[in-house]
Structures are given as C-alpha cells and as structure tokens.
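Peer 1: starting from these lines, generate the structure:
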Amino acid sequence: MNFHVSRQAAASSLALAMAAPCAFADTTPVDTVVVTASRMPQRAADVIADTTVIHAEEIARSGAGSIADILARQPGIEIGRNGGAGANTSLFLRGANSNQVVVLLDGVRIGSSTTGSASWNAVPLESIERIEIVYGPLSTLYGADAIGGVVQIFTRKGEPGFAAAASIGAGSDATRQASAHLSGASGGEHAVSYAIGAGHERSDGFSATQPGAFGYNPDDDGYRRSSASGRITLALAPGHEVGAQFLHSRLRAEYDNGAGSFDAYSRQDLNTAAAFMSNQLLPNWRSTVQFARSEDKSGSFTSATASGASQIDTRQDEFTWQNTLTLGRDTLQLLYGHRKESVESSSTAALERARITNSYAAAYALRRERHLFDLSARQDRSHYGDKNTGAAGYGYQFDGGLRATASVGTSFRAPTFNELYYPGYGVPTNQPERGRNAELGLRYERAGTSFDATWFRNRLTDMIVSATPCPDRRDGRTGSCAYNVASATLEGVTLAAATRVGALRLRASADWQDPRDNASGKRLARRAGRHANLQAAYVAGSLDTGAEWQISGERFDDAANLRRLGGYGLLNLYATWRIDADWSLLARVNNAADKRYELARAYGTGGRSWFAGLRYGIR
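Peer 2: Predicted structure coming up:
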C-alpha cells in the first residue's frame, strides 16, 4: 500500500493533538535537560526541535544486544541489519539514510569517512548514561551530514560521593555479558570528578544469511565486543574547568562468505579521545574549547592468509571553540570548528586522502514569556567549496499546557571518500547533497499529561546515487558510478504519547511517512510507510514488569521496489525485581511470539530469545 502524506492529513494529525484526551504523559519530561538541540543545556520545555531522550534505566532493562535495538523502539527510527547484533547496521531517521545523520559520542563526531555512516554495531551499551535524538536538519550547529537529525550518546560521568556499578548476564545463543563502573567526585575549590568502566559481551549468534543469499553458510555467526571508557574533570577555580575523556571498543563479528573451513569475520575498532576546557570569562560569557580525535578502523578477514585481509581506517581530528553569551534572557553562541578527515587503506590506495573543513557559526535564542525563537547560520569551507546553511524556529505557549512550534532549515551532506575516489565508482567532481526542511508541531502537557504531533517535509536535491551508465565518461568507464542525479522528498507525521495511571505506565508512538525518490516515484529502500511502538509497564512493589510491541509495515529492499520485505510485529517482555536499594534481577524475552521477519533481504534475524541478568548499583 502506498501512502502519501498530504497537507490535509498533516493538518488533521495536528488537530488531533489539540483534541486528544488528557490520558497521556510525556516521553521527555519538561524538567529534563537537553544538550544536543542547541549545543548547550536547556530545559526540554524550552527546546523547539523535536527531541527524544533515552535514560540509563531504559537502557539497563532493555536486554538489548546493540544500541540499534534500543533506537529502533523510538519514534521516527528504523534500522536495517545484515544479521545479528554484531552485523553491519543502517539507521534511518525520518526516512534519511545513515550517512545523512550525525552521530556524536560525548560531543565527538564518530563515523567512517569512506561510507559516511557510524559503526552502530561497535558502540558499547554498558558505557552509556543517556541518548539524545534530535530530529530535523542541524547543519547550522553540527555541519555536514546533519540532514535527518543528530544522535548524541553520553557516557557516564562522576557525581558527588563514590558509586560502583556492575552487571552480569546470560541469554539465548550462548550470550554472556559483564560490566563494571566506578565513579565519584570530590568537593572543595579544586574538585575532581571521575568515571571509569569496562565491559565485555559475546554471543554464538545465528546464521547471518538465509538460503539464496550471496555467500550463504548455515553456520552460526557470533560476535564478541570489549570496551573501556573513562572521564576526569578538574576545577581550576570557580567557573574554570579542564577535563579529558576516552572510549575504546573492539568488535569481532563473524559473517557468511560461503561454505569453507575458515569463518570469515570483521573487526571494528571505535576509539575516541578528547581534552576540553571551559572558562567563565565574564559573568555572561562562557568559553569552551575542545580537542578531539575519533578513529573508525574496519578490517575484513576472509582467509587465514594475508591476501584474505583488508583494512580501512578513518581518523577525524577536531578543534572546536564555542562561546556562549547570555544577553538578559537571550543567548548568543559563536562557534569555530576545524575538522580534518584522513583515510588509510591496505587495498585501495586511491582512498588514502585527507580533507579539511573549517566552520563558522552563530546562533541566537530568544525567550519572551510565551514566545520562543531560535535563529542560526553557518558556513563550512572545504575542498568542495563554501556551503552556507541557516535555520529558524518559533514556538508559542498557549494557556492550558499547549505549545505550537514551526521551523525551517537547510542542510547538506558531504560526499564520502568512496563517492569521490573509489576506483571505477567515485567521481571527484561530486558535490554535496542539499536539504530543505519545514515542520510544524503541537505539544500538549499539563499535570503529567502530554501528546506530541509533528509534521515534516524535507526535500533533498543533488542526491548521490549509483547511476547506470555513469554520466562521467572521462576515464572510459561504462558501468555505474556515484553521481549527483537524484532528488527525494521525506515527508511524514509523527505522533508520540505516554501516560501514567497509578502504577501503570503507557507509551506509544506512530509514524506515517512517505520517503520517496522524486524521479521514479518509488519509495526509498528499507523504509516503511508506517511503523509504530507501544510500551506498557506496571510497578507492583519491588517488581517492575513490562511489554513492548514494535510494528512495521512493508518495505522494499531495492530502489526499484521489486523485492518486498513484509511487515511485522515484535512482542518483547521484561521484568525487573529490585532485591534492595542496590541489587536487582532482570529477565527479558525478545520476539516472544517467535515472529519470522527480515530487516534486509535474505539476511537472518533473531527468533524468540531470552536474557537474564544480575545488576548492582545501576541508576
């Protein structure tokens, strides 16, 4: 069934938000502090952009094998995956591709410069304190690739006193998990805060492919992931602080490459390190400087010999200087950024290049009683020229807990190194993709009750796709190549709600979307026209039980919409028993109905599975 989001449908959905009964509570409470939407801490009530926050407790009880499993339960997000939790994973945010979403880890950009996407399968769950998802274009704040939105992952930080946390668990497919964390903070003029942790998990998995897939092998394809992270800050004087942080994660995941005695596997290393300094230079002027490096190292091993190994490493070095000036109730931000991307490849010398981007940005936030107004502009200078982006948003708070918002913004995605330089495929003259987004939103909240509705329309031009035959014939190529020949429209409506009735908590979201190629009229691959999430939790004394239902309509595995992926519904169940203030037991069953489904054609997905764990000190 094809679904088109008309203006009438959008208006009806927004009207529904106004007429909704007082039976829902917000998924992101107004007293929650959000950082990503404006690059500075703000109350959720003052944020114009559509935002979702996932807290530590939800992550802890998820029993998930990967961060993608948690994100798939949030509004506006779908995933595609070539096998189990350790396999290559794509994330679609409001219909945008993985390479059209910026991913940050404690403010440090992560991802591969050759594919343009973050390595979701390498991000360790045990280090995460919370996740913020901001929907819509944020190129004015974060530069290239923030077309669909930004996902920021925050790791644990030290708090006053001393805290210890640990967990162990086991589950289906011989899954095992263990982690431990220590954190704390001292008082006094030169206070020190710290947090350090490590974790390990492994699973025998299941077959990554199904009969008919390229390289099909019916053996189990397992994974193991080890990680360590740390953060320390020192107060030099009141209003002045320095600090450093790091994260290392190594993932080894098996995949199918045909029958044989050697189990093919990939190895993914994700490394981040940053040093930062924050200074209150004047009562109304805070300056923050950060030096950061992130590495995405990807290796593939198909035999025991050197000829069966290939390695592609991306390194990103960033310097960011952010100045925040408080002007009465308003805020002005001035930003300078310098980013250098470099690639090393063991098998493709043409990819061994570097790219430097210098950025200048300004953002102004005005708050006047019932009125909210944000305005931002940015220029990014790189070898592809100067790219200017801008955004404006307005919000008005009505009586009775109702707020209306409207925003517009432009964005762009820089061509990846593969799209520029890969032999026989890349075209050095490819230009950035461009996006123009408009959205309207209504939010109702009163006495613990809320309902959110958002309509968005994002038109993308100069999209880079595989063009056959290649329009660029300068090197005599006759096959396909990456080229700026496509345009698409991402349009949809998202409704989100939750409620608390006594000990019962309910939460739901539904997305109606039409991510479509403008030239062919076909829906973009692996994106459903409709998907939804329903969650219910009940607390009875020390027992917390819950159920989750993930629903997705049909999708297509190809741009021509010939290979259909059927719709599905997944039921997940969990229970947590709090033994005392520090200890708790978790039990979870995923895909309780043992539903057969596909996230990518001919790739395996998990059937009914269970996980049980013992936790100490998890907040």
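
Peer 1: after the single longest strand found in the chain, which helix or strand is next?
Peer 2: Ranked by residue count under DSSP state E, the longest strand found in the chain is strand 481-501. Sequence order places strand 504-513 as the next helix or strand after strand 481-501, per DSSP states H and E.

Peer 1: buried residues in stretch 530-550?
Peer 2: For stretch 530-550, a neighbour-count test (16 or more other CB atoms under 10 Å) marks 530-537, 539, 544, 546, 548-550 as buried. In this view, the C-beta of every residue, glycine as well, is placed from N, C-alpha and C.

Peer 1: nope, stretch 560-567 is what I meant
Peer 2: Buried residues in stretch 560-567, counted by 16+ other CB under 10 Å: 561, 565, 567.

Peer 1: any idea which of these is the one closest to Tyr223?
Peer 2: Distance to Tyr223 across the buried residues of stretch 560-567 (CB to CB) is lowest for Leu565, with 23.4 Å.

Peer 1: beta partners of the closest one?
Peer 2: Arg555 (DSSP bridges).

Peer 1: again with Arg505
Peer 2: Taking DSSP bridges, one obtains Arg500, Ala537 as the residues bridged to Arg505.

Peer 1: now swap in Ala165 and tell me
Peer 2: Under the criterion used (DSSP bridges), Ala165 bridges to His181.

Peer 1: got it, and Trp610?
Peer 2: Beta-bridge partners, per DSSP bridges, of Trp610: Val589.

Peer 1: what is the burial count for it?
Peer 2: 16 (other CB atoms under 10 Å).

Peer 1: show me the contacts for it.
Peer 2: 171-172, 587-590 (CB atoms under 8 Å, 6 or more residues apart in numbering).

Peer 1: hmm, 10 Å instead?
Peer 2: Residues near Trp610 by CB atoms under 10 Å, 6 or more residues apart in numbering: 63, 170-173, 175, 573, 587-590, 592.

Peer 1: pLDDT value on it, please?
Peer 2: On pLDDT, Trp610 comes in at 94.

Peer 1: equivalent analysis for Tyr574, please.
Peer 2: Predicted confidence (pLDDT) at Tyr574: the value is 93.

Peer 1: coming back round to it: other SSEs contacting the longest strand of the chain?
Peer 2: Judged by 3 or more CB pairs under 10 Å, 6 or more residues apart in numbering; DSSP states H and E, the packing partners of strand 481-501 are helix 7-19, helix 417-421, strand 433-446, strand 449-467, strand 504-513, strand 516-517, strand 530-540.

Peer 1: what's the most buried one of the ones you listed?
Peer 2: Neighbour counts (mean count of other CB atoms under 10 Å) averaged over each of the helices and strands packed on strand 481-501 peak at helix 417-421, with a mean of 24.

Peer 1: which strands and helices lie in contact with that one?
Peer 2: strand 309-327, strand 330-345, strand 354-368, strand 449-467, strand 481-501.

Peer 1: just the mean pLDDT for the longest one, thanks.
Peer 2: Pointing back at strand 481-501 there. Mean per-residue pLDDT for strand 481-501: 94.

Peer 1: tell me the buried residues in it?
Peer 2: Buried residues in strand 481-501 (16+ other CB under 10 Å): 481-484, 486, 488-499.

Peer 1: hey, what's the most centrally placed residue in the chain bridged with?
Peer 2: Residue closest to the mean C-alpha point of the chain, counted by CA atoms, centre = their mean, is Val151 at 3.7 Å. Listed beta-bridge partners, Val151: Val103, Ile133 (assigned using DSSP bridges).

Peer 1: now for it: which residues touch it?
Peer 2: Applying CB under 10 Å, 6+ apart to Val151 gives the contacts 36, 52, 54, 67, 71, 74, 77, 91, 93, 101-105, 118, 120, 131-135.

Peer 1: report the angle between the longest strand of the chain and strand 449-467.
Peer 2: Going by axes from the mean of the first three to the mean of the last three CA atoms, to 10 degrees, strand 481-501 is angled at 170 degrees with respect to strand 449-467.

Peer 1: need the CA coordinates for strand 481-501. PDB is fine.
Peer 2: These are the backbone C-alpha positions of strand 481-501, laid out as PDB (Å, rounded to 0.1, in the frame of the first residue of the first chain):
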ATOM      1  CA  CYS A 481      29.200   5.300 -10.500                       C
ATOM      2  CA  ALA A 482      28.300   7.600  -7.700                       C
ATOM      3  CA  TYR A 483      26.700  10.700  -9.200                       C
ATOM      4  CA  ASN A 484      24.600  13.800  -8.200                       C
ATOM      5  CA  VAL A 485      21.500  12.700 -10.200                       C
ATOM      6  CA  ALA A 486      18.700  12.100  -7.700                       C
ATOM      7  CA  SER A 487      16.200  14.100  -5.600                       C
ATOM      8  CA  ALA A 488      13.900  12.800  -2.900                       C
ATOM      9  CA  THR A 489      11.200  14.100  -0.600                       C
ATOM     10  CA  LEU A 490      11.000  12.900   3.000                       C
ATOM     11  CA  GLU A 491       7.500  13.700   4.300                       C
ATOM     12  CA  GLY A 492       5.600  12.400   7.300                       C
ATOM     13  CA  VAL A 493       3.700  12.800  10.500                       C
ATOM     14  CA  THR A 494       4.800  11.500  13.900                       C
ATOM     15  CA  LEU A 495       2.500  11.200  17.000                       C
ATOM     16  CA  ALA A 496       4.000  10.300  20.400                       C
ATOM     17  CA  ALA A 497       2.300   9.900  23.700                       C
ATOM     18  CA  ALA A 498       2.600   8.200  27.100                       C
ATOM     19  CA  THR A 499       0.600   8.000  30.300                       C
ATOM     20  CA  ARG A 500       0.900   7.100  34.000                       C
ATOM     21  CA  VAL A 501      -2.200   5.800  35.700                       C
END
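
Peer 1: centre of the chain to it, how far?
Peer 2: Its chain's C-alpha centre and that of strand 481-501 lie 14 Å apart, by CA atoms, centre = their mean, to the nearest Å.

Peer 1: can you check stretch 263-275 too?
Peer 2: The chain centroid and the centroid of stretch 263-275 are separated by 17 Å, computed with CA atoms, centre = their mean.
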